[in-house]
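Student: here's a sequence, model it:
(2 chains)
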Number of protein chains: 2
Amino acid sequence: MDVTEDELLTAIRRVLSDAPPEVVVGVGDDAAVVRPGAGELVLTTDALVEGSHFVRGLTTPRDLGHRAIAVNVSDIAAMAASPRYALCALTLSDAVDAAWTMELFGGMREACDAFACTLVGGNLARGRDVTVAVTVCGEVASGRAITRAGARAGEVVVVTGELGSSSAGRRLRDRGPSWDELERAAIRLADRGQARVGEGALLARHGATAMLDISDGLCLDLARLCAVSAVGVRLRQTDLPVGPRATVDEALGGGEDHELLAAMPAADVGPAAAAMHETFGVPLTAIGDVTPAGLVLLDAAGQERPLPAAGWDHFA
Amino acid sequence: MDVTEDELLTAIRRVLSDAPPEVVVGVGDDAAVVRPGAGELVLTTDALVEGSHFVRGLTTPRDLGHRAIAVNVSDIAAMAASPRYALCALTLSDAVDAAWTMELFGGMREACDAFACTLVGGNLARGRDVTVAVTVCGEVASGRAITRAGARAGEVVVVTGELGSSSAGRRLRDRGPSWDELERAAIRLADRGQARVGEGALLARHGATAMLDISDGLCLDLARLCAVSAVGVRLRQTDLPVGPRATVDEALGGGEDHELLAAMPAADVGPAAAAMHETFGVPLTAIGDVTPAGLVLLDAAGQERPLPAAGWDHFA
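Tutor: Coordinates of the predicted model:
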């Protein structure tokens, strides 16, 4: 590193947003102090690890910082909560300098500003690889968080946005620099992540009984929702909102889409979809039915087969 | 890894403490949901990185897990707050297996139980090196957090416990396996960390105006406290409570002691020290005076010299 730790901390502080009044003590002390709102706290942590989640040189530090915040905010959104505060435990390698680190924090600030949360604390360490470990603390009205556990047989499975685009983006990025507009959008999604905060709250208001964000692939995350809710699912392949440059396999198994997957009563789907389109311009698509048991895919040929086990296992 | 991610997550959940009633949603959903207390929230994050903070093989995973929690709780203690919830973003390498990981979580649980906090969430990733990134969320009565900013000229600088023992422990551990009891205690401190939670609250009740925990070495952390408080200090070397197997240099510059360093009015020191001894059996020692400006060490020969810049800079 081309500066001392204290010099870098001083520079980082200049990149951060002004803290709102509920931040009593922000970056620079042993810990941050904040005034909580009236509801419950929602806490999540997620790390982006060099070589596993990103390749330095294939992503900009600004995009990486944005993504590190977004993937955490997406978990907050999946509880139908609102992000409030973020912290970052950052491991820097000898391969990055102060300018790179400033860009990373610039990207974190961009995302924090976009998602209306404040970076209130962090820590710097050194290691062989860069790791960006972020924690986000959010808030939700008491008793209003939507877990993975509430889906009931007879309900409908819905998903926001489009599936597979992040996987497609990673594939297309590796293919080389001659992309059309939709391909660029997929690559941007892969590089910067996204979070459906308003959409999560809207789904909760419109009757969602169980919800999660798709981070490890539709099939794997859907299987998790079913396991926790003790239900089954019958997924209809032809109804999947496959991203415009993605394949069906990428829609079924691709990780890091960060779309919201929810169960809700059939009667609520229409009003929820209309409100989602009107408020956010985001499609909400019914892709299957909650059943008493079993994980079934109705494929494009109309044949029922077991839901593929495809998905992102960090240890596979 | 010798198991799948979901198998490992299931095993980890079995190692964790039963969650108290204020944990509405614990480990296993997109995010944890907890009910906050009446006061303010205190948030901190800190990572232990293989090769930088520990060498696998020289520490047990159980000690490493304990230390990852303790170093964070120490930051909460330094605000005079109480730890409540912990999260862990864990990066595992190919060199560790499920049994190692279970031991790590066992150590985190031990520490959480000791410090009365609950591990409510986490994340698993894979990388070249092990990184244990922990976030702790604590609570403090509104307006009662002690920052680094309140020290005033004329006050006294005090420190809990003994200094340099963690550094001494690292040195002694490398020397080989023929240690006496005090040496073993120093090595244990280096391996497992510590946090002075009750002691921090006691110092706040007894008039502490500024406080931090010594993580990067007495001189460096004292300089930081003085910078934020816009004061100076005159440190008396002969009054330092040097650990029984530590050197004066280790007491002045050794990192990771996790003792509390505070400023308080001179009249409060006696009662605070008496209460500290009676309640916790921990010494509280006056080691210097807060001055209007300048960082001065009164050395063993009675000579004044500039406070050494010694300390732990992660990028030096």
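Student: now the helices for the stretch 1-150 of chain A?
Tutor: In the stretch 1-150 of chain A, the helices defined using DSSP state H, counting those that start in this stretch lie at A:5-15, A:61-77, A:98-114.
Student: just put the ones you listed in JSON lines and tack on mean neighbour count, distance to chain B and mean pLDDT.
Tutor: To be clear about C-beta, it is placed using only N, CA and C from the backbone, and glycine gets the same treatment. Output for the helices of the stretch 1-150 of chain A, formatted as JSON lines (neighbours: other Cβ atoms under 10 Å in any protein chain shown; distance: least, Cβ to the nearest Cβ, whole Å; pLDDT from 0 to 100):
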{"stretch": "helix A:5-15", "mean neighbour count": "16", "distance to chain B": "5", "mean pLDDT": "88"}
{"stretch": "helix A:61-77", "mean neighbour count": "27", "distance to chain B": "4", "mean pLDDT": "98"}
{"stretch": "helix A:98-114", "mean neighbour count": "21", "distance to chain B": "9", "mean pLDDT": "97"}
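Student: can you add distance to residue B:227 and give the ones you listed back as TSV?
Tutor: Listed next are the helices of the stretch 1-150 of chain A as TSV, based on distance: least, Cβ to Cβ, whole Å:
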stretch	distance to residue B:227
helix A:5-15	9
helix A:61-77	27
helix A:98-114	20
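Student: out of those helices, which comes closest to residue B:273?
Tutor: helix A:5-15 (31.3 Å; Cβ to Cβ).
Student: hey, where'd the strands end up in chain A?
Tutor: A:23-25, A:32-34, A:40-49, A:82-92, A:118-126, A:131-140, A:156-160, A:210-213, A:232-236, A:260-264, A:284-291, A:295-298, A:304-306 (DSSP state E).
Student: nearest to residue B:123, out of these?
Tutor: Short answer: strand A:40-49, nearest of the strands of chain A by Cβ to Cβ, at 4.8 Å.
Student: is that closest one positioned near chain B?
Tutor: Yes. Strand A:40-49 comes into contact with chain B (Cβ under 8 Å from any Cβ of the partner chain), by way of A:40-47, A:49.
Student: related to what we said a few turns ago, can you list the strands of chain A in TSV and add mean neighbour count and mean pLDDT?
Tutor: What follows is the strands of chain A, written out as TSV (neighbours: other Cβ atoms under 10 Å in any protein chain shown; pLDDT from 0 to 100):
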stretch	mean neighbour count	mean pLDDT
strand A:23-25	21	95
strand A:32-34	27	97
strand A:40-49	27	98
strand A:82-92	27	97
strand A:118-126	24	95
strand A:131-140	29	98
strand A:156-160	24	98
strand A:210-213	26	98
strand A:232-236	20	98
strand A:260-264	29	98
strand A:284-291	21	98
strand A:295-298	19	96
strand A:304-306	10	94
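Student: now these as a markdown table including distance to residue B:128?
Tutor: As requested, the strands of chain A are arranged in a markdown table below (distance: least, Cβ to Cβ, whole Å):
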| stretch | distance to residue B:128 |
| --- | --- |
| strand A:23-25 | 35 |
| strand A:32-34 | 30 |
| strand A:40-49 | 9 |
| strand A:82-92 | 11 |
| strand A:118-126 | 14 |
| strand A:131-140 | 10 |
| strand A:156-160 | 35 |
| strand A:210-213 | 27 |
| strand A:232-236 | 37 |
| strand A:260-264 | 32 |
| strand A:284-291 | 38 |
| strand A:295-298 | 35 |
| strand A:304-306 | 35 |
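Student: residues near residue A:93, how many?
Tutor: Residues lying near residue A:93 (other Cβ atoms under 10 Å in any protein chain shown) number 15.
Student: distance of it from chain B?
Tutor: 10 Å (Cβ to the nearest Cβ, to the nearest Å).
Student: ok, now residue A:307?
Tutor: Counting by Cβ to the nearest Cβ, the gap from residue A:307 to chain B is 15 Å.
Student: next up, phi/psi of that residue, please.
Tutor: Main-chain dihedrals, residue A:307, degrees, to the nearest 10: phi -60, psi 130.
Student: contacting residues around it?
Tutor: A:219, A:222-223, A:233, A:235, A:295-297 (Cβ atoms under 8 Å, 6 or more residues apart in numbering or on different chains).
Student: what about chain B: which of these touch it?
Tutor: Restricting the contacts of residue A:307 to contacts with chain B (Cβ under 8 Å from any Cβ) yields no residues.
Student: who in the stretch 101-250 of chain A is up against chain B?
Tutor: So far as Cβ under 8 Å from any Cβ goes, the stretch 101-250 of chain A lies against chain B at A:120-129, A:131, A:133-135, A:137-138, A:140, A:142, A:145, A:147-149, A:211-213, A:224, A:228.
Student: thought residue A:119 was touching residue A:20, still the case?
Tutor: No. Using Cβ atoms under 8 Å, residue A:20 is not in contact with residue A:119, being 11.9 Å away.
Student: look up the closest residue to residue A:239, ignoring the ones flanking it.
Tutor: Of all residues not flanking residue A:239 in the chain, residue A:287 sits nearest, at 4.9 Å (Cβ to Cβ, 6 or more residues apart in numbering or on different chains).
Student: contacting residues around the one you found?
Tutor: Applying Cβ under 8 Å, 6+ apart, the residues contacting residue A:287 are A:157-159, A:235-236, A:239-241.
Student: now swap in residue A:271 and tell me
Tutor: Here residue A:271 is in contact with residue A:206 (criterion: Cβ under 8 Å, 6+ apart).
Student: beta-bridge partners for the closest residue to chain B within the stretch 101-250 of chain A, please?
Tutor: Across the stretch 101-250 of chain A, no residue is closer to chain B than residue A:133, which sits at 3.5 Å (Cβ to the nearest Cβ). According to DSSP bridges, the partner residues bridging residue A:133 are residue A:47, residue A:89.
Student: for it, give its distance to residue B:277.
Tutor: When distance is defined by Cβ to Cβ, to the nearest Å, residue A:133 is 39 Å away from residue B:277.
Student: over to residue A:84?
Tutor: 41 Å.
Student: do residue A:105 as well
Tutor: Counting by Cβ to Cβ, the gap from residue A:105 to residue B:277 is 44 Å.
Student: swap in residue A:95?
Tutor: Distance from residue A:95 to residue B:277, by Cβ to Cβ: 50 Å.
Student: what is the neighbour count of residue A:55?
Tutor: Neighbour tally, residue A:55, other Cβ under 10 Å: 11.
Student: same deal with the one 3 residues further on?
Tutor: Look at residue A:58: counted by other Cβ under 10 Å, it has 12 neighbours.
Student: skip the chain neighbours and tell me the closest residue to it.
Tutor: residue A:173 (6.6 Å).
Student: surely that neighbour and residue A:187 touch.
Tutor: Yes. In this structure, residue A:173 is within contact of residue A:187 by Cβ under 8 Å, at 4.8 Å.
Student: these two: who's more crowded?
Tutor: residue A:187 (24 against 20).
Student: roughly how far apart are residue A:181 and residue A:257?
Tutor: Taken as Cβ to Cβ, the span from residue A:181 to residue A:257 is 19 Å.
Student: quick one: which of these two has more around it?
Tutor: residue A:257 (32 against 8).
Student: for the more buried one, give me its contacts.
Tutor: Contacts of residue A:257 by Cβ under 8 Å, 6+ apart are A:161-167, A:214-215, A:217-218.
Student: how much space separates it from chain B?
Tutor: 14 Å.
Student: what's the closest non-adjacent residue to that residue?
Tutor: Using Cβ to Cβ, 6+ apart, the closest residue to residue A:257 is residue A:214 (4.6 Å).
Student: near that neighbour, how many other residues are there?
Tutor: 29.
Student: ok, it touching residue A:261?
Tutor: Yes. In this structure, residue A:214 is within contact of residue A:261 by Cβ under 8 Å, at 5.4 Å.
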